[in-house]
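Visitor: Model the following, please.
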Amino acid sequence: MNKTKKTAVFVLLTIFLACSLIGCIKPAEVESTEDSTVQVKIVDQYYRGPYMTSMYTGKSFMYMPHPAVYRITVEYNGEQYYLTDEESYELYHDKIGETTDALLRTTKWDNGNVTYDIIGLAK
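Guide: So this is what the prediction gives:
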């Protein structure tokens, strides 16, 4: 075998070995979750109404519906979180700059990581 073929075989074997080892890595598992009430600031809102698009299929048009998009952006500890349910949008879309209570979910993982997520606003 010439040098080019040996190099190509070596690279392919290295890639195969790396992919095999990645498959052996154990994913992190949840140790515990805790919900608490915190104060968040409402910083933005977004709404896009539902609409339809059409696509010609050769003999006729096919219509594809696209649902409405609702989004409220809140800030907690310098991080932004997005809530995409219609109810939160309807209650808070006109309250930008105000603070409100929100439900914070704290998740602790077995690898030592801790994640935070705002899962809902006070109704």
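Visitor: Any figure for the gap between Ile119 and Gly58?
Guide: With the distance defined as Cβ to Cβ, to the nearest Å, Ile119 ends up 46 Å from Gly58. Placement of C-beta: from N, CA and C, glycine included.
Visitor: Please say which of the two ends up with more neighbours.
Guide: When Ile119 and Gly58 are compared on other Cβ atoms under 10 Å, the one with more neighbours turns out to be Ile119, at 11 against 4.
Visitor: Find the helix or strand that the more buried one is a member of.
Guide: Ile119 is part of strand 114-121, with elements assigned from DSSP states H and E.
Visitor: Pairing partners for that strand, with directions?
Guide: Based on DSSP bridges, the strands next to strand 114-121 in the sheet, each with its direction, are strand 99-109 (antiparallel).
Visitor: center of this protein - which residue?
Guide: Here the mean C-alpha position of the chain is nearest to the C-alpha of Tyr82 (Cα atoms, centre = their mean), at a distance of 9.0 Å.
Visitor: helix, strand or coil for Glu87?
Guide: helix (DSSP: H, G, I helix; E, B strand; the rest coil).
Visitor: Sorry, slip of the keys, the one I care about is Lys5.
Guide: helix.
Visitor: Output the lowest mean pLDDT helix or strand found in the protein.
Guide: Of all helical and strand segments in the chain, the minimum by mean pLDDT, DSSP states H and E falls on helix 3-22, at a mean of 68.
Visitor: next structured bit after that helix?
Guide: strand 30-48.
Visitor: Return the distance of that next one from the chain's centre.
Guide: A distance of 13 Å separates the C-alpha centroid of strand 30-48 from that of its chain, computed with Cα atoms, centre = their mean, to the nearest Å.
Visitor: can you give me the mean pLDDT across it?
Guide: Confidence for strand 30-48, expressed as mean pLDDT, is 95.
Visitor: and the residue nearest to the centre of the chain, how far is that from Asn2?
Guide: Where Asn2 is concerned, Tyr82 sits at a distance of 56 Å (Cβ to Cβ).
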